[in-house]
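**Student:** Sequence first, then the predicted structure, then my questions.
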There are 2 protein chains.
Amino acid sequence: MNKRNKTPRNENRGVTIADVAKTAGVSIPTVSRILNDKEYVAEETRQRVHEAIRTLGYTPHTQARRLRGGATMTLALHHPIESPHDLSSVIETSYFTGIAEAASEKEYFINFLISRLTPESLLNMYRSNQIDGIILLQVRMDDWRVNLLRENNYLFVMIGRCADLEGLSFIDLDFENAMLLACEHLVELGHRNIGFLTYPQSWHKSGIGPAVRSLEGYKSALNKYGLNSCYREIGLNSVEEGFEGTNDLLQENPELTAIITVSHLTAAGSIKALVQHGRSVPKDCSVMAIGFGGNFASVVTPSLTTLEWSPYEISYQATILMTEKLANKKLPAQQILVPPKLIVRESTKEVE
Amino acid sequence: MNKRNKTPRNENRGVTIADVAKTAGVSIPTVSRILNDKEYVAEETRQRVHEAIRTLGYTPHTQARRLRGGATMTLALHHPIESPHDLSSVIETSYFTGIAEAASEKEYFINFLISRLTPESLLNMYRSNQIDGIILLQVRMDDWRVNLLRENNYLFVMIGRCADLEGLSFIDLDFENAMLLACEHLVELGHRNIGFLTYPQSWHKSGIGPAVRSLEGYKSALNKYGLNSCYREIGLNSVEEGFEGTNDLLQENPELTAIITVSHLTAAGSIKALVQHGRSVPKDCSVMAIGFGGNFASVVTPSLTTLEWSPYEISYQATILMTEKLANKKLPAQQILVPPKLIVRESTKEVE
DNA sequence: GCGATTTCTGATAACGTTATCAGAAATCGT
DNA sequence: ACGATTTCTGATAACGTTATCAGAAATCGC
C-alpha cells in the first residue's frame, strides 16, 4: 500500500539522479559517487550507470548541488554608478567579456550589479547566499564598499585600489607609471611644454584612483625633467569638453607643443581645437591619449598615439584572482599593477 | 539524550530560518509564512518574528529557495561568436547593462554565455537547471539554436529574428525601414546617386538578418525612387575597409553624391576616402551611418548623420519579454520591430 | 582456513527552504 | 450554549543532491 504523497510530484520535472539509479539498478549514492569520480566503484557498475545517464539524458541539478555544496558558484561585479545608462561611457564591453570568459572557464556564474547598491543590500548578497565573492570596479582611495566587506570578512577583489591595501587582493592600471611613460615619450621627441587634460574635478575630489595618481604621476614626471605643469580638470565623455579644455590650456600657455589626455574622445576634441587655432597635429603640436579606447584611436585623424591597457586581460585576471582565492581561502592576497603599452601612431612627432 | 549527528553542522554557516524560529519561539513554517506574506498569521506573532529577523540579521537562502521553488531565476544571454575577444566589436556595453538592469528589477540573475556553445551544452543549460530561459543575439534566418530550442520546447527570446517566426517572441531592429528612411532623407536632399557599403559577404551568405534585410530595403527604396543601385560588401570594424570600399564605389560610379554605411567606423573611412578624392563632405558628397555607434558619430569630422537605435532599450525590452513569459507561460508570443531614430548632424546636405 | 584488510554498496541524514495537511484555538451564528 | 466556521500554528514531506557511516563481499597474509 502506497503512503499518500503530501507534496505531489511535479509531472514536468527533469531527469533526476533517482531515475538514473533506478534504471541502472543501483542506489542513489552510488550514482553520486560515479558522477563525482570518487574511489571504490566497481568498473562494471560505473559502465552500467554511465549507460543509464546517456540513455536518460541526465544532467545534475545545479541548484541542488549548490545548496548541498554550500557554495553559490556565483560572482558579482559592481561599479558604483548612479545610472546604468551611463555605464557604457565608463566600461568597455571587453570588461564584461573578460570576466564572463574567466568565470565560465572556472564554472562560475556572474551577476552584474547595476542598480544602486546600499550597504545593506551589499551585505545581503553574501548573507542570502547569492554570491561567493564580488569584484569591485572604480575603487576609491577611501571606499565604503571596501571598508564594509573588510569588516565583515567577506571575499572580494578590486580592479583598482584603495589607500589601505593590507591583506587585500587587487589588480590595477599603473597610472602613475603611464604618466611617466607619456612624458618620457614626449620629452624624447624634444617637447618641453606638455599640457594635461585630466579627469573631472569631481573624480579628484572623491579620491578616485586614476584621477589622483595620474595627476601625481604627471607632476612628478615634469619635476624629474624640470618642466612646468599646465593642466585642466575636464569631463571625459565628449569631444566638446576636450575642445574647450584645450582652448583653456592654450590660453594659459600658448607655448604648449604637446597635450596628454585621459580619454580618446577628449583627445579628438583637443585636435579639433588645435586645428582651429591654426596648429596642425602632429606638426605643430603632439597629442596623446591614455586609457582604454577600443577602435577610437584609429578613427581620429590623425590617428592617436596612446598608452593602452587591455580591459579584457585585466578583468579576466581579476576573476581568476577571485576564483583561486575561493578555491583556497588560505592563499595570500595578490596585488598586481599592470603597466600600459605605448602604441605610437600619427598624433605625436618630434619638435621641429 | 542527543542522537549523534551523521553530517556535522558547518560552524561558519549563516543565520537560517530555524534560528529565527527558535528565537521567536515559533515553528519554521510560521516564519516561512511570514516571510512570504501568507494569510492567517497573528499580528502579534508577525511582530515577534520580524523582531527576531532584525536582531539576527537573517536573509533567506537564495539557493534553497530556488531548489524548493523549482525555478532558477537565472537567464542567459548568448551571442554566437568565435572568440570572446571579438565581442567588443559587435556588442555595446549598453546591451549588457540594459539586460542586467531589467533582470535586476525582476530579481533575475544573468549569465553571459561567452564561450563556444554546442547544441549539447545549450540543452544542458536548461536540463541541469542552470537557467530558466535564454536571450539569443545575432539570430540568423535559419538558426540552429532556434531550431533546437523550439523542438525541445524551451523558453527563449530573440534580439533579431529568424525566417519562421510562428509562436516565437522577438524584438528586432527594423533594418528594412531604416534603409527606406535613409534613402528618403537623401532623396529629399536631392540626391539621385546613392551608394551603399553593406555588411560583409560572409554575413549575407550565412543569412544574418540585418545584412539580408538592409540590402533588400536598399534595393526596394531605390526602386521606389527609380534610382540605380551601387553597393559593396565590406568588413565592419575598421576605418580602412570603409576607405577601400568607398574607393571601389567611386570607381564604379563617379557620379555618387551620397553614401550609406552600416557602421560608424566605415563611415569615417568613407569620409577619408572622399577627401582624398578631392571631394569635401558634405559639400560634394553626403555620408550616413546606420546602427549603434555610441559616441563615434560626434567624434568624426564632420559629425555623422545617423539612423540609430538604443541598444540599452532594446536589450532591456527583450529581458522584460522573457521575464513576463516566465511569470505567465500562457502569454502569447510578442513580436516587436523597433524603428530607428534619424539624427541629422553635419555629414549630410542637399545637393548643390 | 581464518582473521585482517581492502573494495564496494546502500541506508540515512543533511543543506534551507516551502506546500500540504491536520489539529487547536478563537470567533461566529442562532 | 453548542455546532460550524474562521483563524492560527506545527508536524511532516519534499526539492535533488552529497557526506558519513556501517555492513557485505572480495582479497590478502600467513
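**Tutor:** Received, thanks. Only a predicted model underlies this, so the values are computations on that prediction, with no experimental measurement involved.

**Student:** Name the SS class of A:L265, please.
**Tutor:** Counting by DSSP: H, G, I helix; E, B strand; the rest coil, the backbone at A:L265 sits in helix.

**Student:** burial measure for it, as a count.
**Tutor:** 26 (other C-beta atoms under 10 Å in any protein chain shown). Every C-beta, even on glycine, is put in place using the N, C-alpha and C of the backbone.

**Student:** quick one, strands of the stretch 201-350 of chain A?
**Tutor:** Remark: strands assigned in the stretch 201-350 of chain A by DSSP state E, counting those that start in this stretch are A:231-233, A:258-261, A:286-290, A:305-308, A:335-338, A:341-343.

**Student:** Quick one: mean pLDDT over the first one.
**Tutor:** Strand A:231-233 shows a mean pLDDT of 97.

**Student:** With the fifth one instead?
**Tutor:** Summarised as a single mean, pLDDT over strand A:335-338 is 98.

**Student:** Parallel or antiparallel, which strands does it pair with?
**Tutor:** strand A:169-173 (parallel) (DSSP bridges).

**Student:** and if you look at the last one?
**Tutor:** With DSSP bridges as the test, strand A:341-343 is paired with strand A:305-308 (antiparallel).

**Student:** swap in the longest one?
**Tutor:** In the sheet containing strand A:286-290, the strands it pairs with under DSSP bridges are strand A:258-261 (parallel), strand A:305-308 (parallel).

**Student:** Would you mind listing the buried residues in the least confident helix or strand in chain A by mean pLDDT?
**Tutor:** Lowest by mean pLDDT, DSSP states H and E among the helices and strands of chain A is helix A:87-90, with a mean of 74. Neighbour-count burial for helix A:87-90, counted by 16 or more other C-beta atoms under 10 Å in any protein chain shown, picks out A:L87, A:S88, A:S89.

**Student:** Look up the closest residue to the residue nearest in space to the middle of chain A, ignoring the ones flanking it.
**Tutor:** Relative to the mean C-alpha position of chain A, the nearest C-alpha, by C-alpha atoms, centre = their mean, is the one of A:S315, at 4.1 Å. Spatial nearest neighbour of A:S315, chain neighbours left out: A:G98 (3.5 Å); criterion: C-beta to C-beta, 6 or more residues apart in numbering or on different chains.

**Student:** and the gap between that neighbour and A:W309?
**Tutor:** Here the criterion is C-beta to C-beta, to the nearest Å. By it, A:G98 lies 11 Å from A:W309.

**Student:** State the phi and psi torsions of the spatially closest residue to A:M73 that is not a sequence neighbour.
**Tutor:** Nearest residue to A:M73, sequence neighbours excluded (C-beta to C-beta, 6+ apart): A:Y108, at 5.4 Å. In terms of degrees, to the nearest 10, the main-chain angles of A:Y108 are phi -100, psi 160.

**Student:** Show the pLDDT at the closest residue to A:E107 other than its chain neighbours.
**Tutor:** Nearest in space to A:E107, with sequence neighbours left out and distances taken as C-beta to C-beta, 6+ apart, is A:M73 at 6.5 Å. Note on A:M73: pLDDT of 95.

**Student:** Any idea how many residues pack against A:M73?
**Tutor:** There are 19 residues near A:M73, going by other C-beta under 10 Å.

**Student:** mind checking the backbone torsions on it?
**Tutor:** The phi/psi pair for A:M73 (degrees, to the nearest 10) is phi 50, psi 30.

**Student:** Pull the contacting residues for the residue nearest to the centre of chain A.
**Tutor:** By C-beta atoms under 8 Å, 6 or more residues apart in numbering or on different chains, the contact list for A:S315 reads A:S94, A:Y95, A:F96, A:T97, A:G98, A:I99, A:A102, A:I135, A:I159.

**Student:** and with 6 Å instead?
**Tutor:** A:Y95, A:G98, A:I99 (C-beta atoms under 6 Å, 6 or more residues apart in numbering or on different chains).

**Student:** coming back round to it: quick one: which of A:G98 and A:W309 has more around it?
**Tutor:** Between A:G98 and A:W309, A:G98 has the larger neighbour count (other C-beta under 10 Å), namely 28 against 19.

**Student:** helix or strand for the more buried one, which one?
**Tutor:** helix A:93-105 (DSSP states H and E).

**Student:** residues from the stretch 101-250 of chain A in reach of chain B?
**Tutor:** Counting by C-beta under 6 Å from any C-beta of the partner chain, the positions of the stretch 101-250 of chain A adjacent to chain B are A:101, A:104, A:109, A:111-112, A:114-115, A:124, A:127-130, A:239.

**Student:** Lowest-confidence entry in those residues?
**Tutor:** A:S115 (77).

**Student:** What is the burial count for the residue nearest to it when sequence neighbours are not counted?
**Tutor:** In space, A:S115 comes closest to B:S104 once its chain neighbours are excluded; the distance is 5.1 Å by C-beta to C-beta, 6+ apart. B:S104: 18 surrounding residues under other C-beta under 10 Å.

**Student:** My read is that B:S104 contacts A:R116, right?
**Tutor:** No - here B:S104 does not reach A:R116: they are 10.1 Å apart, not a contact under C-beta atoms under 6 Å.

**Student:** Identify the contacts common to those two.
**Tutor:** By C-beta under 6 Å, 6+ apart, no residue touches both B:S104 and A:R116.

**Student:** need the contact list for A:H61.
**Tutor:** Applying C-beta under 6 Å, 6+ apart, the residues near A:H61 are B:N129.

**Student:** So for it, what's the pLDDT?
**Tutor:** 96.

**Student:** give me phi/psi at it?
**Tutor:** Torsion angles, degrees, to the nearest 10, at A:H61: phi -80, psi 110.

**Student:** pretty sure A:R54 is in a helix, no?
**Tutor:** Yes - under three-state DSSP, A:R54 sits within a helix.

**Student:** how close does it get to B:S121?
**Tutor:** To B:S121, A:R54 is 16 Å away according to C-beta to C-beta.

**Student:** Flag every buried residue along stretch A:183-203.
**Tutor:** A:183, A:185-187, A:189, A:191-200, A:203.

**Student:** sorry, back to before: turn the strands of the stretch 201-350 of chain A into a markdown table, including mean neighbour count.
**Tutor:** Shown next, in a markdown table, are the strands of the stretch 201-350 of chain A (neighbours: other C-beta atoms under 10 Å in any protein chain shown):
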| stretch | mean neighbour count |
| --- | --- |
| strand A:231-233 | 19 |
| strand A:258-261 | 29 |
| strand A:286-290 | 28 |
| strand A:305-308 | 23 |
| strand A:335-338 | 14 |
| strand A:341-343 | 14 |
